[in-house]
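Asker: here you go, sequence then predicted model.
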Amino acid sequence: MVFILAIEIKDVLRIIDITDFFSRALRERKIGKILELLQLLASSGVISNEELTELSIELMELLKLEGEELEERIEELERKIKVLVIDRSIKSSEEAILSKLHSRIEFLASSGVISNNELLKLSIELMELSKLEGEEFKEKAKEIEKRIEKYVRGNRRALHR
Amino acid sequence: MYEGIGEPYIDKLFRELLIKYNVNYIPPGAVRHVDYIISEEMIILELEDTLQEVYNAIAQIKDLIGGVSKAINCRIVIALPIPRFIELILSPLQRFFIVLSHLNLIGELWLLDFEKDRIIKILPEKINPSSILRNTSVVIKVKTNDKYEISEEDAREFIRELKNNLR
């Protein structure tokens, strides 16, 4: 009886050990995943090398933590990365909009739909847009888009030729 | 016209120009996110093959290169071949100037005129042009206010001057 009990305690201890092993593995896996994400963001140019270093140090600090505190800090870090990515995409989206409008105006010019004078007018409007940011930028961009659309609608036949 | 022939070709022609005028340079790939670093004075140069791609260069300057340029106190240049529609240069040029003003940096936009073997350096009026490749450059200064903003009238004047230069 004593012998059997001893085995059971050993098993329980092993289970505790395994649980601990799995929780550590899970923690390291989560941290590893975040690190992988950071490296991806850095290599695609979304975050700078300095930001990668700073965030990686923050991530390594998490290895010292456990339990609820660890979960909270992981969530906090994930939020921070998310905000950073959203912020970057908004910033570069203005250039993306400018680029899109630029290409549409270029298309109108190359298909002969707009005259040189109209091209200069639209180019000046696009220049005025590039001075703006945020909401003002969005509104002005919509205005220019509508103007381009008017040219397209008015010249649909010419554009399909 | 060389616009859109592809970056590798523009890169080759540009490198030939640097070699011809004995300009030292660090080639693309040596410094992350940066196309070229060229001397006599230090310049970070982004080489694009179309006007539209200048917007990508600007986004890159805002997010990545601006910090490097500030740290080593050097000029930023965006270089590209002569675009097909000159008028369309206004928007990327203005955006570039605005970003420079926000980041407190000095920069120039270079039009690479491979046919005449020269560079047209475009920069805000109050800035002195870089000395690099000065023997083969034409400088066009654009009138701006303190925030590097170009007025409609000055934009028209600039386009006239640029077209005259390209004739």
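Answerer: Structure's in. What do you need?
Asker: you'd agree B:Gly6 is up against B:Leu47?
Answerer: No - the pair B:Gly6 / B:Leu47 is not scored as a contact, 11.7 Å apart, by Cβ atoms under 8 Å. The C-beta positions use only the backbone N, C-alpha and C, and glycine is treated the same way.
Asker: more neighbours: which of these two?
Answerer: The residue with more neighbours, out of B:Gly6 and B:Leu47, is B:Leu47; 21 against 11, by other Cβ atoms under 10 Å in any protein chain shown.
Asker: and the more buried one, what does it touch?
Answerer: Residues near B:Leu47 by Cβ atoms under 8 Å, 6 or more residues apart in numbering or on different chains: B:7, B:10-11, B:14, B:28, B:35-36, B:79-80.
Asker: and the least confident of those?
Answerer: The lowest pLDDT within the contacts of B:Leu47 belongs to B:Tyr36, with 78.
Asker: quickly note the distance from that one to B:Lys116.
Answerer: 21 Å (Cβ to Cβ, to the nearest Å).
Asker: now do the contacts for B:Ile72.
Answerer: Going by Cβ under 8 Å, 6+ apart, the list of residues near B:Ile72 reads B:Met42.
Asker: quick check on it: phi, psi?
Answerer: B:Ile72 adopts backbone torsions of phi -100, psi 10, taken as degrees, to the nearest 10.
Asker: for B:Pro124, same thing?
Answerer: Main-chain dihedrals, B:Pro124, degrees, to the nearest 10: phi -60, psi 150.
Asker: ok, and the closest non-adjacent residue to it?
Answerer: Among residues not flanking B:Pro124 along the chain, B:Thr144 sits closest, at 4.7 Å (Cβ to Cβ, 6 or more residues apart in numbering or on different chains).
Asker: can you pull the contacts of the one you found?
Answerer: For B:Thr144, the contacting residues are B:97, B:124-126, B:150, B:154, by Cβ under 8 Å, 6+ apart.
Asker: and these, which are buried?
Answerer: Neighbour-count burial (16 or more other Cβ atoms under 10 Å in any protein chain shown) applied to those gives B:97, B:124, B:150.
Asker: can you name the element that comes right after the one helix or strand B:Leu80 maps to?
Answerer: Following DSSP states H and E, one finds B:Leu80 within strand B:75-81. Next helix or strand after strand B:75-81 toward the C-terminus (DSSP H and E): helix B:90-103.
Asker: who are the packing partners of whichever helix or strand comes after that next one?
Answerer: Going down the chain from helix B:90-103, the next helix or strand is strand B:107-113, by DSSP H and E. The contact analysis (3 or more Cβ pairs under 8 Å, 6 or more residues apart in numbering or on different chains; DSSP states H and E) places strand B:107-113 against helix B:7-20, strand B:75-81, helix B:90-103, strand B:118-124.
Asker: list the contacts for the residue nearest to the spatial centre of chain B?
Answerer: Closest residue to the average C-alpha location of chain B: B:Leu109 at 2.2 Å, with Cα atoms, centre = their mean. Going by Cβ under 8 Å, 6+ apart, B:Leu109 touches B:54, B:77-80, B:89, B:92-93, B:96, B:121-123.
Asker: from the chain's centre, how far out does the longest helix along chain A sit?
Answerer: Criterion DSSP state H: the longest helix present in chain A is helix A:67-110. Chain-centre distance of helix A:67-110: 5 Å, with Cα atoms, centre = their mean, to the nearest Å.
Asker: could you find the closest non-adjacent residue to A:Leu41?
Answerer: With Cβ to Cβ, 6+ apart as the criterion, A:Leu41 has its nearest non-adjacent residue at 4.7 Å, and that residue is A:Ile47.
Asker: secondary structure element for the one you found?
Answerer: Under DSSP H and E, no helix or strand contains A:Ile47.
Asker: how about it, what does it touch?
Answerer: By Cβ under 8 Å, 6+ apart, the contact list for A:Ile47 reads A:38, A:41, A:55, A:84, A:88.
Asker: tell me the pLDDT at the spatially closest residue to A:Ile97 that is not a sequence neighbour?
Answerer: In space, and not counting its chain neighbours, A:Ile97 is closest to A:Ala141: 5.2 Å by Cβ to Cβ, 6+ apart. pLDDT for A:Ala141: 95.
Asker: got the buried residues for whichever strand or helix holds A:Lys150?
Answerer: Here A:Lys150 sits within helix A:134-154, counting by DSSP H and E. Residues A:137, A:140-141, A:144, A:147-148, A:151-152 are the ones in helix A:134-154 that count as buried (16+ other Cβ under 10 Å).
Asker: and stretch A:64-76, by the same measure?
Answerer: Judged by neighbour count using 16+ other Cβ under 10 Å, the buried positions of stretch A:64-76 are A:70, A:73-74.
Asker: now do stretch A:96-105
Answerer: Judged by neighbour count (16+ other Cβ under 10 Å), stretch A:96-105 contains these buried residues: A:97-99, A:101-102, A:104-105.
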